[in-house]
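Participant: Just to be clear, the model below is a prediction. Sequence and coordinates:
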There are 2 protein chains.
Amino acid sequence: MLWRMLELAFRPDRAAGPPLYRQLADHLRELVEAGRLAPGQKLPASRQLAEAVGVSRNTVNLAYEALADADLVSAHVGQGTFVLAQKGWLARSADPEREPGLAWEGLLSARGRSLRRPSGLSRPAAPLPFDFDAGRVDLASLPRTELRRALSRAAGEHLDAIANRIDPAGWPPLREEIARSLVARGIRCEPDDVLVVHGAQQGLDLAARLLVDPGDAVAVEEPGYFGARLAFGSHGAQLVPVPVDAGGLSTEVLARTLRARRVKLVYTTPAVQSPTGEALAPERRQELLELAAQYQVAVIEDDYDSELRLASTVTPALKREDEAGRVIYLGTFSKALFPALRVGYLVGARPLLRRAVLACAAAQLGGSLIEQAALAELLRSGVLERHVRRVRRLYRERLDAILVALSESFPSTARWSRPAGGNSIWVELPAGVDPDALARAAAEVGVGYGRGELFQLADSPPPCLLLSFACAEPGVIQEGIGRLGEVVKNALAQEVGR
Amino acid sequence: MLWRMLELAFRPDRAAGPPLYRQLADHLRELVEAGRLAPGQKLPASRQLAEAVGVSRNTVNLAYEALADADLVSAHVGQGTFVLAQKGWLARSADPEREPGLAWEGLLSARGRSLRRPSGLSRPAAPLPFDFDAGRVDLASLPRTELRRALSRAAGEHLDAIANRIDPAGWPPLREEIARSLVARGIRCEPDDVLVVHGAQQGLDLAARLLVDPGDAVAVEEPGYFGARLAFGSHGAQLVPVPVDAGGLSTEVLARTLRARRVKLVYTTPAVQSPTGEALAPERRQELLELAAQYQVAVIEDDYDSELRLASTVTPALKREDEAGRVIYLGTFSKALFPALRVGYLVGARPLLRRAVLACAAAQLGGSLIEQAALAELLRSGVLERHVRRVRRLYRERLDAILVALSESFPSTARWSRPAGGNSIWVELPAGVDPDALARAAAEVGVGYGRGELFQLADSPPPCLLLSFACAEPGVIQEGIGRLGEVVKNALAQEVGR
């Protein structure tokens, strides 16, 4: 077997030299370059290789990641890691007749070197019949005619006003519509307080650029949104996880954290916690604002899903009570409409906003004004509001269906969230279930879901799943969750039988 | 007079304390906050105030910039700097009844603090009848019907394929079309070598994120593209200017620079130098690549305008001969179509490209796939190529017209470039002309243009103008350049008469 070969040949040097994962990666790289591991060959599962060569599974995963970074292997969730054929620039620069390529590794910035693909992000190659993976919307419900008409008008009658414009702050009529909608949510806001961004993710990136120096501590929710971690991490932030329970971010732990160390920024998703979907408890809202005032900390309120309220009570935005301008408020249209529509907004205190506009100019000069103009029209005409009301009804039905299906099919030892909004549910399985094996077994019966690791920062987090009910009819939910429940029960039975 | 008041009250402390501009800014801020400078009041011209209080003009400009940053004043090119009314967050946080606002200054990162609005970027409030300002395209020639149809199809029949997709590398059919078009330009390239970016600016930003640590030296052209400086500067790069002449970047000076200090990255616009429009001389192309190899330096080739060739000979891309993968190649559709269409591309060696995709995900998750899909169709159907051929003819006519008008109207002591591509011309005036006074005088006779300072890094650069002929018919060019020539001659006569 392949891992036997690796086991015999690999001798980790624990005393000195590069970190273990680097040693393992180099060893594997030599095998690939020497042709001993051929293109298309599957590498051992990380658990197997870890046991075989006597290192931790994390070490193997890091080594595989480094090889994937170097384009030597490709990783597919639930399928394994495969040796890639050498082609393109890589093959050319490896050609001994040609001059040696630039040593890119040596040129990378600290941020460039530290970039890592978030684990658990890949999707299955082929669509699965019971797909509960998150980050999607129900396509059938999209207001297609209105969307086409709005885009057509933006590129038609509005084109003369748009085409020669570069506006890092965004299309002015859209800023007006956004300010109007925020005022309606009780947030004091003028159009000049609004920066249109390329999805909420750009808002996170701009905030990180403006506030985070390498090594600065940023408090994030655990479990929490991977995109925020990606943005802060890519600017060298030290991520400090603060646990989340059914009442959202634990302000008690946050208070201890702020007392213990200097934190620059707190990232939170109070209306619809990502990934649990639960809302921040009312008393914690006030505590959070008081802590921010006491410790002079900025707060990013990512209100990404607030339109898609499922609960009967509205959770008001933190920003409503932010007299002092401490809260950077982010919203997006990617959830209410569709993910590929990359338009969001950032509302913040003027001294910060002004710099955010400059940072936005440095990053991309300006946004996609045609999409922004089309969106302004969908807001102005009320199309978006009607669409959101329709989708909210749809998601409520599907939430009911998935809650029933989970109760019927999942083991009693599993626990799941009661989302106040959005379109997904966070499920925690009993310890001992192997996430990779579970994903493989689920895919075999046609079921896909979001990997919990994507939202977890802890070293050995409890095995979790994110189940989105956005795209599945109640019948599909019942059948798919039923199948998944069987797979989970089998996994637990195997675990117990060990 | 106002500046008398300032003169009397302001006592710079050169020995200790904050930098002079900060002292001046604080003094002015106190006057604004005390109401001694009322909203709407015009501040003295920087030259006047500099003379009056005995500091350099640069100090005054920095002080005004700091005030604009704090939203206390607004600056309009050719009109002056005005005290702003206090409103929004600023007014609220200044309200003594409310809790004091967050001290944002103290929370900013080093990069956040160092962000500066590039001087010379503002545009006149009202459009001018003879507007030669750069960065625009001829609106009348845009392929409107095809553009609307392509967008409508992207949001119609392609919507199901697009809506739920997040693809940091870009819409795959567009990557294919771009690779095809690059192969046609002699660049070896597969779709997997292409990263679709949000305008060439995002390509610059991603390259800077991956390669630039604070303090790293980046060689840039002088005069050179302001967007590149903005991107590199916003990541803490130390910009090292390398002069440009009629043969483009001086490889002789670059060689000396590389010998003298460690440089991470060389930024160049070889096909159509920004701003001169001239091409890199053939022998320098080879020298540049050899220098890059010798010193293991990465090169960014910003080929932003290569489609809009005006000269009869084609300047081949550096990337064509880049066997070793040293060149990061950037292109964009914002010039060939229109600026508000924020789609460009980055082609680079795989180890870099892979990280660029991750950095792109951290920055914005993914691009505007609807615009990308529409653009893929315009490329596939040949619409874009036909459009570029049409625009090229148009720009050649206008280039001829502006060259004639400049010869007829401008003083013999002025010099201008012979652009090989693009749609603008760089004019150097004799030393002594005051850029602010000239812009004001030109605006008075209805003429606008791009400010040279925007492209100059030097402390006291020669007075230069960037004249775009993209949007003006030959008759408008003749009349407008005639008026501008008069203004320039008057300015020179005044200078001589001093």
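Facilitator: Perfect, I can see it now. Numbering: from 1, shown residues only, chains lettered A, B, ... in the order given.
Participant: And for A:Gly382, the neighbour number?
Facilitator: 9 (other CB atoms under 10 Å in any protein chain shown). For glycine as for every other residue, the C-beta is placed from the backbone atoms N, C-alpha and C.
Participant: Kindly state the pLDDT recorded for it?
Facilitator: With respect to pLDDT, A:Gly382 scores 95.
Participant: now A:Thr59
Facilitator: Confidence at A:Thr59, expressed as pLDDT, is 84.
Participant: ok so it is a strand residue?
Facilitator: No - per DSSP: H, G, I helix; E, B strand; the rest coil, A:Thr59 lies outside any strand segment and is helix.
Participant: Send over stretch A:215-231 as CSV, restricted to the C-alpha atoms.
Facilitator: The C-alpha trace of stretch A:215-231 is given here as CSV (Å, rounded to 0.1, in the frame of the first residue of the first chain):
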residue,chain,number,x,y,z
GLY,A,215,-0.7,40.7,15.5
ASP,A,216,-3.7,42.8,16.6
ALA,A,217,-6.3,40.8,18.4
VAL,A,218,-9.8,40.6,16.9
ALA,A,219,-12.5,38.8,18.9
VAL,A,220,-14.6,36.5,16.7
GLU,A,221,-17.6,34.3,17.4
GLU,A,222,-16.9,30.5,17.9
PRO,A,223,-18.4,29.0,15.9
GLY,A,224,-18.4,31.9,13.5
TYR,A,225,-18.5,33.1,10.0
PHE,A,226,-15.4,31.8,8.0
GLY,A,227,-15.4,34.8,5.7
ALA,A,228,-14.7,37.2,8.6
ARG,A,229,-11.9,35.0,9.8
LEU,A,230,-10.5,34.9,6.3
ALA,A,231,-10.6,38.7,6.0
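Participant: Please identify the buried residues of that stretch?
Facilitator: A:216-231 (16 or more other CB atoms under 10 Å in any protein chain shown).
Participant: can you check stretch A:262-279 too?
Facilitator: Within stretch A:262-279, the residues that count as buried by 16+ other CB under 10 Å are A:263-279.
Participant: do stretch A:143-157 and chain B meet at all?
Facilitator: Yes - looking at stretch A:143-157 against chain B by CB under 8 Å from any CB of the partner chain, the contacts come from A:Arg144, A:Leu147, A:Arg148, A:Leu151, A:Ser152, A:Ala154, A:Ala155, A:Gly156.
Participant: Pull the most distant pair out of the buried residues of stretch A:215-231.
Facilitator: The distance between the two most remote of the buried residues of stretch A:215-231 (CB to CB) is 22.0 Å, for A:Asp216 and A:Pro223.
Participant: can you give me the helices in the stretch 351-498 of chain A?
Facilitator: A:369-380, A:383-409, A:435-444, A:474-497 (DSSP state H, counting those that start in this stretch).
Participant: With the stretch 201-350 of chain A instead?
Facilitator: A:226-234, A:251-260, A:282-295, A:350-364.
Participant: what's the spacing between the first one and its chain's center?
Facilitator: Taking CA atoms, centre = their mean, to the nearest Å, one finds helix A:226-234 lying 8 Å from the centre of the chain it belongs to.
Participant: Same question for stretch A:42-50.
Facilitator: On the basis of CA atoms, centre = their mean, stretch A:42-50 sits 26 Å off its chain's mean C-alpha point.
Participant: Buried residues in it, which are they?
Facilitator: Across stretch A:42-50, burial judged by 16+ other CB under 10 Å covers A:Leu43, A:Pro44, A:Ala45, A:Ser46, A:Gln48, A:Leu49, A:Ala50.
Participant: List of residues touching it?
Facilitator: A:1-3, A:6, A:28, A:37, A:52, A:56-57, A:59-61, A:64, A:73, A:80-83, A:434, A:436 (CB atoms under 8 Å, 6 or more residues apart in numbering or on different chains).
Participant: Just the buried residues from these, in ChimeraX please.
Facilitator: In ChimeraX, this line selects whichever of the contacts of stretch A:42-50 come out buried by 16+ other CB under 10 Å:
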select /A:2,3,6,28,37,52,59,60,61,64,73,80,81,83,436
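Participant: quick one: the residue nearest to A:Leu457 when sequence neighbours are not counted from B:Arg262, how far?
Facilitator: Nearest residue to A:Leu457 in three dimensions, chain neighbours excluded: A:Pro241, at 4.6 Å (CB to CB, 6 or more residues apart in numbering or on different chains). The spacing between A:Pro241 and B:Arg262, counted by CB to CB, to the nearest Å, is 38 Å.
Participant: Then A:Ser460?
Facilitator: 43 Å.
Participant: One more: A:Val357?
Facilitator: 33 Å.
Participant: for A:Leu403, same thing?
Facilitator: Per CB to CB, A:Leu403 is found 61 Å from B:Arg262.
Participant: same deal with A:Leu142?
Facilitator: From A:Leu142 over to B:Arg262 the distance is 53 Å, taken as CB to CB.
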